[in-house]
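Colleague: sequence plus the predicted model coming up.
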Amino acid sequence: MAPLIELNHVRHAYATASGPVPVLDGLDLSVNEGGFCAVVGPSGCGKSTLTRLIAGLLIPDAGEVFLHGDRVRGPRSTVGMAFQNPVLLEWRTILQNVLLPLEIVPGALKGAAAIDRARSLLSLVGLEGFEDKRPSELSGGMRQRASLCRALVHQPEVLILDEPFGALDAFTREDLWQTMHEVKEKEPFTGILITHDLRESLFLGDQVVVLSGRPAHTQFVLDNTRSHRPTLDDLYTPEAAERLAILRHQIEIAQGRIPQEATT
Ligand SMILES: Nc1ncnc2c1ncn2[C@@H]1O[C@H](COP(=O)(O)OP(=O)(O)OP(=O)(O)O)[C@@H](O)[C@H]1O
Ligand SMILES: [Mg+2]
């Protein structure tokens, strides 16, 4: 079976007034259908650029990006995105914010069916009863839950999350990690999660990809496949400690703090 998301030797540079800024060079990534790939790497190494390439908002200078075996040549409605800042529209209620993609995506649910879909997602993430509130009336964690519903409402096959929990406190973040697993069981998607939090990458990812410093290539891939849905306790097992140590070590290499040779 071909991977649902595949990047081969991707290279990308931004054109700026002072010349090209190389951001990605030699990036490979492969996510099977239903997989959840966590991506970690030094700040500024090109993680958000990677999400724009998968979403078709940018086209690489070299290399290929495939979704379902089709070369990505522009934005697609089969992709949903959520970011660190939920950017909900204050003049719309929470329900109306979640409905937004259905108003834009051609052929999407309309009318009562759309409202039912949005309500059932809000209920799935624990926001039943908040449908008619405005974004400013919700906590940061609740806004992020609503943003997740908006990213999923049109049933995208690919969900891209760019540090969605980065601005939340530790306990709220852990609650949302568990919600993510519940959502994924009921609303299957193939996911990419960008994060700075190594524990988060292990809790949510079935693989963790470590990017090198800029221009980023795929430096290391950790297979984190599990036979059961993890609990928070699983993060405190000796096996998890060992995986965290491996990832931390790889990040230090990516940051240039340890030479690559020291690992072999
Ligand atoms: N539109 C742009 N034009 C020029 N340079 C850009 C543009 N967007 C990003 N960059 C540069 O490309 C590099 C990678 O940016 P990107 O946002 O992809 O990194 P990141 O890994 O997501 O960073 P962070 O961890 O801080 O979120 C940075 O050096 C950034 O300054
Ligand atoms: Mg970023």
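Modeller: Received, thanks. Ligands and ions are numbered 1, 2, ... in the order given.

Colleague: low-scoring pLDDT stretches of the protein, where are they?
Modeller: When the per-residue scores of the chain are filtered using pLDDT under 70, the ranges that remain are 261-264.

Colleague: please enumerate the strands of it.
Modeller: 5-16, 19-31, 36-40, 62-67, 70-71, 79-83, 158-162, 190-194, 207-211, 218-223 (DSSP state E).

Colleague: and the spatially closest residue to Ala108 that is not a sequence neighbour, how far is that from Ser48?
Modeller: Setting aside the residues directly before and after it, Ala108 is nearest to Leu102 in space (Cβ to Cβ, 6 or more residues apart in numbering), at 4.3 Å. For glycine as for every other residue, the C-beta is placed from the backbone atoms N, C-alpha and C. Here Leu102 is placed at a distance of 26 Å from Ser48 (Cβ to Cβ, to the nearest Å).

Colleague: quick one, which of these two is more surrounded?
Modeller: Legend: neighbour count by other Cβ atoms under 10 Å for Leu102 and Ser48, higher for Leu102 (19 against 16).

Colleague: now the closest residue to ligand 2 within the chain. Nearest residue, chain neighbours left out?
Modeller: Of all residues in the chain, Ser48 sits closest to ligand 2, at 3.2 Å by Cβ to the ion. Distance criterion Cβ to Cβ, 6+ apart; nearest residue to Ser48, sequence neighbours excluded, is Asp162 at 5.6 Å.

Colleague: what sits against the one you found?
Modeller: Asp162 is in contact with 47-48, 51, 81-84, 194, counting by Cβ atoms under 8 Å, 6 or more residues apart in numbering.

Colleague: nearest to Glu200, of these?
Modeller: Within these, proximity to Glu200 (Cβ to Cβ) peaks at Ile194, which comes in at 10.2 Å.

Colleague: wait, the closest one sits on Cys45?
Modeller: No - Ile194 is beyond contact range of Cys45, at 10.6 Å (criterion: Cβ atoms under 8 Å).

Colleague: okay, helices next: where are they in this protein?
Modeller: With DSSP state H applied, the chain shows helices at 47-55, 94-104, 111-124, 140-152, 170-186, 198-204, 238-254, listed in chain order.

Colleague: take those and lay them out in TSV including distance to Ser30.
Modeller: Below are those laid out as TSV (distance: least, Cβ to Cβ, whole Å):
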stretch	distance to Ser30
helix 47-55	12
helix 94-104	27
helix 111-124	29
helix 140-152	22
helix 170-186	19
helix 198-204	17
helix 238-254	18
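
Colleague: which one of those helices lies nearest to ligand 1?
Modeller: When the helices of the chain are compared by Cβ to the nearest ligand atom, helix 47-55 sits nearest ligand 1, at 3.3 Å.

Colleague: check whether that closest one contacts ligand 1.
Modeller: Yes - with Cβ under 6 Å from any ligand atom as the criterion, ligand 1 is reached by helix 47-55 at 47-49.

Colleague: in CSV, list those along with distance to Ala216.
Modeller: Rendered in CSV, the data for the residues of helix 47-55 next to ligand 1 read as follows (distance: Cβ to Cβ, whole Å):
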residue, distance to Ala216
Lys47, 8
Ser48, 11
Thr49, 8
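
Colleague: out of these, who's nearest Gly111?
Modeller: In terms of Cβ to Cβ, no member of these lies closer to Gly111 than Ser48, at 35.3 Å.

Colleague: verify the stated contact: the closest one with Ile192.
Modeller: No - contact criterion Cβ under 8 Å: Ser48 and Ile192 do not qualify, at 11.2 Å.

Colleague: what does the stretch 151-264 of the chain have sitting close to ligand 1?
Modeller: If contacts are counted using Cβ under 6 Å from any ligand atom, the residues of the stretch 151-264 of the chain sitting beside ligand 1 are Arg214.
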